[in-house]
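**Q** Test case, fold it:
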Amino acid sequence: MDGSVNLGADVRRQIEDLIADYAHAIDDDRLEEWPDFFTDNCSYRIINRENHAKGRRVGIMDCSSKGMLRDRILALREANVYEPHFYRHLQSDTRITGMDEDAYEVETSFAIVRTMQEGDMSIFCAGQFVDEIVFDGDTPLFRKRLVVTDSNRIHTLIVIPI
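**A** Numbers count the residues shown, from 1 in each chain. This is a model prediction of the structure:
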């Protein structure tokens, strides 16, 4: 759906806060909080722009529940071996592009700067978040988060969530 949806200021603010809080939790290495931004039966998928445009479901990562998200963080903390680094999300204004009786369709462009332990910085990834956000009472949560990367290549493995 093209264009923006006209909403009340409170709903828009809560959605924008969810998106900002999500990025801050990752950037601040509070990764154990990451699954809490999602519903129990959620979808988190990373796919490149080309595959997304062609309707292909083949992606870089595909998690279909909050439990799978928790498993990713557990593996990151206890099993994976990787060079220490951290992310800094830079995000555009959020566009609410659609809504139905229980969900909001939301898009946000992003770039992520990756800083390595020695201080080297580079653009790790850029693209767009395509989200489906629902409210559990007064709390907005991601039911679906599709990360569409602009590039077909990822410089190194994705350890930390995007």
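
**Q** Extract the C-alpha trace of the host helix or strand of Arg88 and format it as CSV.
**A** Counting by DSSP states H and E, the element that carries Arg88 is strand 85-91. Provided in CSV are the C-alpha atoms of strand 85-91 (Å, rounded to 0.1, in the frame of the first residue of the first chain):
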residue,chain,number,x,y,z
HIS,A,85,31.9,-5.9,17.5
PHE,A,86,28.8,-3.8,17.9
TYR,A,87,26.2,-2.0,15.8
ARG,A,88,24.8,1.5,15.6
HIS,A,89,21.4,1.7,13.8
LEU,A,90,20.7,4.8,11.8
GLN,A,91,17.0,4.9,11.0
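
**Q** pLDDT weak spots in the chain?
**A** Applying pLDDT under 70 to the chain flags residues 1-4, 155-156.

**Q** in the lengthiest strand in the chain, what's buried?
**A** If each strand of the chain is counted by residues according to DSSP state E, the longest one is strand 121-136. For strand 121-136, the buried set under the neighbour-count rule, 16 or more other CB atoms under 10 Å, comprises 124-125, 127-133. From N, CA and C alone the C-beta is placed, and that goes for glycine too.

**Q** same check, this time on stretch 29-42
**A** With burial defined by 16+ other CB under 10 Å, the residues of stretch 29-42 counted as buried are 31, 34-35, 37-39, 42.

**Q** Dihedrals phi and psi, Asp29?
**A** Dihedral pair for Asp29: phi 60, psi 30, per degrees, to the nearest 10.

**Q** For stretch 95-106, measure first residue to last.
**A** Terminal residues of stretch 95-106 lie 6 Å apart, using CA to CA, to the nearest Å.

**Q** go on, stretch 134-142?
**A** 6 Å.

**Q** With stretch 109-122 instead?
**A** One end of stretch 109-122 sits 18 Å from the other (CA to CA).

**Q** coming back round to it: the inter-axis angle of the strand holding Arg88 versus strand 121-136?
**A** 60 degrees (axes from the mean of the first three to the mean of the last three CA atoms, to 10 degrees).

**Q** Heading C-terminal from strand 85-91, find the next helix or strand.
**A** Criterion used, DSSP H and E; the element after strand 85-91 is strand 95-99.

**Q** What strands flank that following strand, and is each parallel or antiparallel?
**A** Counting by DSSP bridges, the strands paired with strand 95-99 are strand 104-116 (antiparallel).

**Q** just to revisit the earlier point, redo the buried residues of strand 121-136 as TSV? Include distance to Ala53.
**A** As requested, those are arranged in TSV below (distance: CB to CB, whole Å):
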residue	distance to Ala53
Phe124	22
Cys125	17
Gly127	12
Gln128	12
Phe129	16
Val130	12
Asp131	18
Glu132	19
Ile133	23
